[in-house]
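# Need a 3D model of the following:
(chains A and B)
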Amino acid sequence: MSAAASTSGAGAEEEYEERDVTVRGTRVRLLAAGSGEPLLYLHGSGDLGLWFPALTRLARTHRVYRPDHPGFSGSDDGDGIDSVHDLAFFYLDLLDEIAADEVVVVGSSLGGWIAADLATIEPRRVSRLVLVNAVGVRAEVPTPDMFTHSPVELAELVYHDDDLRSAAMRRAREMEDDPALFERYLRNQISTAHLGWNPYMHDPKLPARLHRITAPTLILWGASDRLVPAGYAQRWAELLPKAEVAVIDDAGHLPLIERPDAALGVLRAFLGQGGSGAKGSTP
Amino acid sequence: MRFFGFHLMPYPYLPESHVAGRDSSWVTLSNATFDPRRGHDLYQRYLRELVYYDEQGFDGVCVNEHHQTAYGLMPSPNVTAALLVPQTRGKIAILGNALPLRDHPMRVAEEIAMLDVISGGRIISGFVRGIGAEYHTFSMDPTASRERFHEAHDLIIKAWTQPGPFEWYGKHYKLRNVNPWPRPFQQPHPPIWSPSQGSVETVDWAARRRYTYVQTYSDIDMVKRAFDGYREAAQRHGYTARPSQLGWSIPVYVADTDEQARREAAVHLGFLFNALMRMPKDVFFPAGYLTLKSATRVLAAKRGLGTSTMDPERLMDRGYAVAGSPATVRQRLADYQRELGFGTFSGIFQFGSLGHEEFLRSVTLFAEQVMPALRPLGDDETSPASATTTPG
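Just a heads-up that it's a prediction; the model follows:
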């Protein structure tokens, strides 16, 4: 939920293509890279629209699509999008628009909630489902209220590593002096609040629909997430009994950013397994 | 000038560690802190104080709605108003019902109409959105706040002014039968007041409908901007605003001397602004409560009401509060009236941890030595608000 890492190192300017896609009247900013099986990456609420190195690495084997959600970062407000369920339908329309019939869906945090909902609507369209520190269901686990925390406090909750945390907190502090960036952050928060204020970051109807998901599913979790604690991974696992659970040590809310080697290792092994349509991958 | 006495019903018995600390006095301050026996005594005293305004010749009293806070003990302003109806003769201004927080706006339409009929038309109906913290209190989506406010307002006004039953299928409220009994005593409906801290949007909304706009808790420059904005909006909407349409609500404290008044007021202003109002920015202004443009400005500001410490002396100097001897308060309010052109004044004589005796003395001094001299100022008949606008 904090700002994603910036594009990596030298020559990074060619890492991805950027274009606008208009889906039923709503323009969204779409970043894409690589070739191969399509992979839709759905970002979390604190993501300010940046590409990050793990996506570049996924693009070596997949055609990676990373849209800004309607109401977030470089995209227009979504007219009539008042819930994650609405957003899931929107992304099915987006997949139609870019002619991606069957996709891997990887969703982080808020994006994980959208991904799971989408997979209950058109299950056969999702070849693999990956939920990364995902919200969307409720667990009886004490959880901080993201809407009562300042940007600095949220950055503090997101990272495990001391240096990454300090850097994120410094960026959050500096953000208030950068009106354009701060406005982007606030707009993303407003859009998140509209989707997840009440019930807090979950849909009580979702658990009863999750049985519809047919794709092999990976629940990937940063072990020391303090924003969406690992107890939520257990809750997802109860609700998706065939799913695989992988916990990444020494990572917080954003394991793909904080420990890309470990997180991508698990993710690649999962994506490489069997053919599309294989049922479950029980450990 | 019309005079109203406002009461916040604060809960003053907070642990010293809380007062001196940084924790919020809203939403999360545990209700274990509230002592029901002391609360009983407070309510008796506070209701007597409200009635005292009426006895001292104020035109009306003001009550309000706040939730989960030591700032004020009136989660239902309509309950407070109901208690006051048989004990008062003047107006009762409910400032106001927080429309978006209600599941059902028709409950507001019914309760206000009931109070208005029972009181024989003494009710003033304020409509507000509720402060940001209250969207945390009820887990109410703050991004829908403005829409719900406007739709609830439109529905209530229609329910009061058009014979029912009729259907209402709005975005937020869907009703097969709108037909509230009773209807209001005052026709077409009780006066509507709109309290705000100066949002341009609210000022224009109130001016367009000729509602009385009440400015609260603001630097004097902000008060002037809001009142000027109202008068300009009124002209845009084709009429000249009357002074009574502009209301100013501030803490007031009168004592025998300026020195005594400022010294005593400072303690309670400090308690009000720095302890009772205190909460984190993200609680005060939840995502979507303000427009994106306002939020970018307000949340990046280093200082703000409730979110940073305010110096009581500065509060008195900058027009957030008025304290002094009767002569000083009389002079300052007369000067402010000439500068700002308001014709409705709502004094918050009970604030912070002010004691009962101090309250009674302050109100008595005001009623006897301040109010009479100010009565002729800001009168709708003799001084149109536009004439008092300071040029430039």
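# In contact with A:P260: list those residues for me.
Neighbouring residues of A:P260 by Cβ atoms under 8 Å, 6 or more residues apart in numbering or on different chains: A:53-54, A:57. The C-beta positions use only the backbone N, C-alpha and C, and glycine is treated the same way.
# Can you tell me which of those residues is nearest B:R129?
Of all the contacts of A:P260, B:R129 sits closest to A:A54, with 42.2 Å by Cβ to Cβ.
# Check residue 235 and give its pLDDT.
Using chain A. What the model reports as pLDDT for A:R235 is 98.
# let's do chain B instead
With respect to pLDDT, B:Q235 has a value of 98.
# can I assume it sits in a strand?
No. Counting by DSSP: H, G, I helix; E, B strand; the rest coil, B:Q235 is not found in a strand; it is helix.
# ok, the closest residue to B:A133 other than its chain neighbours - how many residues close by?
Setting aside the residues directly before and after it, B:A133 is nearest to B:W26 in space (Cβ to Cβ, 6 or more residues apart in numbering or on different chains), at 4.1 Å. For B:W26, the neighbour count with other Cβ atoms under 10 Å in any protein chain shown is 26.
# thinking B:W26 is in contact with B:Y71, fair?
Yes. Applying Cβ atoms under 8 Å, one finds B:W26 in contact with B:Y71, separated by 6.8 Å.
# Report the buried residues of stretch A:196-204.
Within stretch A:196-204, the residues that count as buried by 16 or more other Cβ atoms under 10 Å in any protein chain shown are A:196-197, A:201-203.
# Please tell me how far the closest residue to B:V254 other than its chain neighbours sits from B:T291.
In this structure, B:V254 finds its nearest non-sequential neighbour in B:L365, 4.2 Å apart by Cβ to Cβ, 6+ apart. Separation of B:L365 from B:T291 (Cβ to Cβ, to the nearest Å): 42 Å.
# Looking at those two, which one has more neighbours?
Using other Cβ under 10 Å, the more surrounded residue of B:L365 and B:T291 is B:L365, with 19 against 15.
# From the contact counts, what lies against the helix or strand harbouring the more buried one?
Using DSSP states H and E, B:L365 maps to helix B:356-369. On a contact count with 3 or more Cβ pairs under 8 Å, 6 or more residues apart in numbering or on different chains; DSSP states H and E, helix B:356-369 meets helix B:36-55, strand B:246-254, helix B:326-340, strand B:344-350.
# Now render the ones you listed as a markdown table, adding distance to A:E238 and mean pLDDT.
As requested, these are exported to a markdown table (distance: least, Cβ to Cβ, whole Å; pLDDT from 0 to 100):
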| stretch | distance to A:E238 | mean pLDDT |
| --- | --- | --- |
| helix B:36-55 | 42 | 98 |
| strand B:246-254 | 54 | 98 |
| helix B:326-340 | 63 | 97 |
| strand B:344-350 | 54 | 98 |
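# about what we covered before: tell me which entries of the contacts of A:P260 lie within helices.
A:53-54, A:57 (DSSP state H).
# can you list those in JSON lines and add distance to A:V64?
As requested, the ones in helices among the contacts of A:P260 are exported to JSON lines (distance: Cβ to Cβ, whole Å):
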{"residue": "A:P53", "distance to A:V64": "12"}
{"residue": "A:A54", "distance to A:V64": "10"}
{"residue": "A:R57", "distance to A:V64": "10"}
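# Do a quick rundown of the strands in the stretch 101-250 of chain A.
Secondary structure of the stretch 101-250 of chain A (DSSP state E, counting those that start in this stretch): strands at A:103-108, A:126-132, A:217-222, A:244-248.
# Tell me which of these sits nearest to B:L305.
When the strands of the stretch 101-250 of chain A are compared by Cβ to Cβ, strand A:103-108 sits nearest B:L305, at 36.7 Å.
# Given that closest one, what are its sheet partners and their directions?
Strands that pair with strand A:103-108, judged by DSSP bridges, come out as strand A:37-42 (parallel), strand A:126-132 (parallel).
# any idea which element the nearest residue to B:E313 once chain neighbours are set aside lies in?
Closest residue in space to B:E313, ignoring its immediate chain neighbours: B:A266 at 6.6 Å, by Cβ to Cβ, 6+ apart. Using DSSP H and E, B:A266 sits in helix B:258-270.
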